[in-house]
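**Student:** pasting the sequence and the predicted model now:
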Amino acid sequence: MLEVALRHRFGQAGSWRASRRDGFALDLAFTAPGAGVTALFGPSGCGKSTVLAAIAGLLRPAEGRVTLDGEALLDTARGVAVPPERRRCAVVFQDARLFPHMSVETNLRYGLRRAPPGAPGPGFEEVVALLGIGPLLGRRPARLSGGERQRVALGRALLARPRLLLMDEPLAALDAARQGEVLPFLARLRATARLPILYVTHALEEVDALADRLVLLEGGRLVAAGAVEELSLRTDLPLAARRDAGAVLPCTVAGHDPHRGLTRLAFAGGELAVPLREEPVGTRARVRLRARDVAVAVTEPRGLSTQNLLPAVLAAIGEAPSPHEVFLRLQVGPSALLSRVTRDSVERLGLVPGMAVWAVLKAVSFDRAGAAPPAGGLDT
């Protein structure tokens, strides 16, 4: 388990050495489990990368304690500050930072040479296969795409056999196509590498696709922490103000209908029809059901083009960021969804908690949040 508690204030604005960080204060504490992906999420400038730097030993905070599996990497009260090179925290930055004069293979083997003798972890061939970089081994970084460079940087980090993998917005410098190229490999890493991963991002789609746990930051403070699915339903958080706010639903691929171009996703409470996906039947998946895409009917709709009509119970009516709208919490069996509707709709339909209603969702409205590949893979 990773335990983090940090307090730090940058210099006062107005001094001759002032920078854009002067006056910023960090004061937070959180924990991350011993495996899986914990995302540090929030707007630019909220302190995400500062936290990562303090954990890696690249920043010495004014006060703080960082422990990994009970071992103190930092404890300012006791005067403990393990040097960065001895913390075994591998960092993957926005820019790949590969050695330009080395081939891909030599860059990777550099990471392997930095691994402590006898440290458990994946072998060279395993990492190459996991990241699909076999055809790139003879190339120099200048001949790689941005997505390929990030995959090589990730491979080099893994071969150093870290105890903790830190990723600082690794997709931020890539265009949408290159992000789409790298995300499946990160999802595969999440499912196969048995080590804690701390992932910094301000992109909610990356959280949905990769994270098991979410740490929400704002202005250097902790706003909330918990499972991604749990926090996606919290209408009291800043996430609720986003247009893509909505429930993240764990599902399993139940079947495909190529002729109709649809895939059936089973969840606890029913099934959803979504645009055709590639994953085999039985694959675990997640989808984001945007609250603004979930309509509500008080009687069973007939003659609609909409694929998904789910019987539900209106569990609660809550405030929305707009004074003219509300969030409806809908219970579909043991699963919960959110619907964002106008106050006028609540009055017209006579909606009150406890009512039986129908949740109406178009198949094309689903945001694909991610899929967990089959078990197996890296031995860490």
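**Tutor:** That came through fine.
**Student:** which residues in the stretch 101-250 of the chain form helices?
**Tutor:** Using DSSP state H, counting those that start in this stretch, the helices of the stretch 101-250 of the chain run over 104-113, 124-131, 146-159, 176-192, 204-210, 228-231.
**Student:** buried deepest among those, which one?
**Tutor:** helix 146-159 (a mean of 24; mean count of other Cβ atoms under 10 Å). Where you see a C-beta, it was placed from the backbone N, CA and C, and this is true even at glycine.
**Student:** show me what that one is packed against.
**Tutor:** strand 89-92, helix 104-113, helix 124-131, helix 176-192 (3 or more Cβ pairs under 8 Å, 6 or more residues apart in numbering; DSSP states H and E).
**Student:** give me the contacts around stretch 243-251.
**Tutor:** With contacts defined as Cβ atoms under 8 Å, 6 or more residues apart in numbering, stretch 243-251 is touched by 204, 208, 228-229, 232-233, 235, 239, 265-268, 272, 284-294, 335-338, 340, 367, 369.
**Student:** try stretch 313-331
**Tutor:** Under the criterion Cβ under 8 Å, 6+ apart, residues 233, 235, 240-241, 291, 294, 296, 312, 336-344, 346, 351-357, 359 lie in contact with stretch 313-331.
**Student:** for Ala363, find the nearest of the helices of the stretch 101-250 of the chain.
**Tutor:** Closest of these to Ala363 is helix 204-210, at 18.2 Å (criterion: Cβ to Cβ).
**Student:** quick one: the closest one to chain centroid distance?
**Tutor:** Relative to its parent chain, helix 204-210 has a centroid offset of 4 Å by Cα atoms, centre = their mean, to the nearest Å.
**Student:** local confidence estimate at Arg194?
**Tutor:** With respect to pLDDT, Arg194 scores 78.
**Student:** how many neighbours does it have?
**Tutor:** 12 (other Cβ atoms under 10 Å).
**Student:** any regions of the stretch 251-380 of the chain where pLDDT drops low?
**Tutor:** Scanning the stretch 251-380 of the chain for pLDDT under 70 picks out 364-380.
**Student:** the helices in it, which residues?
**Tutor:** For the stretch 251-380 of the chain, the helices defined by DSSP H, counting those that start in this stretch occupy 343-349.
**Student:** show me the strands in it, by range?
**Tutor:** 262-267, 270-275, 284-290, 294-297, 308-319, 325-332, 335-342, 356-361, 367-372 (DSSP state E, counting those that start in this stretch).
**Student:** coming back round to it: from the contacts of stretch 313-331, list just the buried residues.
**Tutor:** 233, 235, 240, 291, 294, 296, 312, 336-341, 346, 351, 357, 359 (16 or more other Cβ atoms under 10 Å).
**Student:** now Thr263: closest residue in space, sequence neighbours ignored.
**Tutor:** Among residues not flanking Thr263 along the chain, Arg277 sits closest, at 4.4 Å (Cβ to Cβ, 6 or more residues apart in numbering).
**Student:** test my guess that the one you found contacts Ala285.
**Tutor:** Yes: Arg277 is within contact range of Ala285, at 7.4 Å (criterion: Cβ atoms under 8 Å).
**Student:** ok, which of the strands of the stretch 251-380 of the chain comes nearest Ala119?
**Tutor:** strand 367-372 (26.4 Å).
**Student:** which one's more surrounded, Arg277 and Ala285?
**Tutor:** Using other Cβ under 10 Å as the criterion, Arg277 and Ala285 rank with Ala285 on top: 21 against 18.
**Student:** partner residues bridging the more buried one?
**Tutor:** Cys251, Ala371 (DSSP bridges).
**Student:** what about it, distance to Val357?
**Tutor:** Per Cβ to Cβ, to the nearest Å, Ala285 is found 26 Å from Val357.
**Student:** so Asp75 bridges to which residues?
**Tutor:** Counting by DSSP bridges, Asp75 is bridged to Arg65, Val80.
**Student:** what about it, neighbour count?
**Tutor:** When neighbours are counted by other Cβ under 10 Å, Asp75 comes out with 16.
**Student:** quick one: contacts for it?
**Tutor:** Counted by Cβ under 8 Å, 6+ apart, Asp75 has contacts Gly64, Arg65, Val66, Thr67, Ala81.
**Student:** Thr252: neighbouring residues, count only.
**Tutor:** Neighbours around Thr252, by other Cβ under 10 Å: 17.
**Student:** ok, for it, nearest residue in space, not its chain neighbours?
**Tutor:** Of all residues not flanking Thr252 in the chain, Ala266 sits nearest, at 5.0 Å (Cβ to Cβ, 6+ apart).
**Student:** could the helices of the stretch 101-250 of the chain go into CSV alongside distance to Ala77?
**Tutor:** Listed next are these as CSV, based on distance: least, Cβ to Cβ, whole Å:
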stretch, distance to Ala77
helix 104-113, 34
helix 124-131, 38
helix 146-159, 31
helix 176-192, 34
helix 204-210, 33
helix 228-231, 31
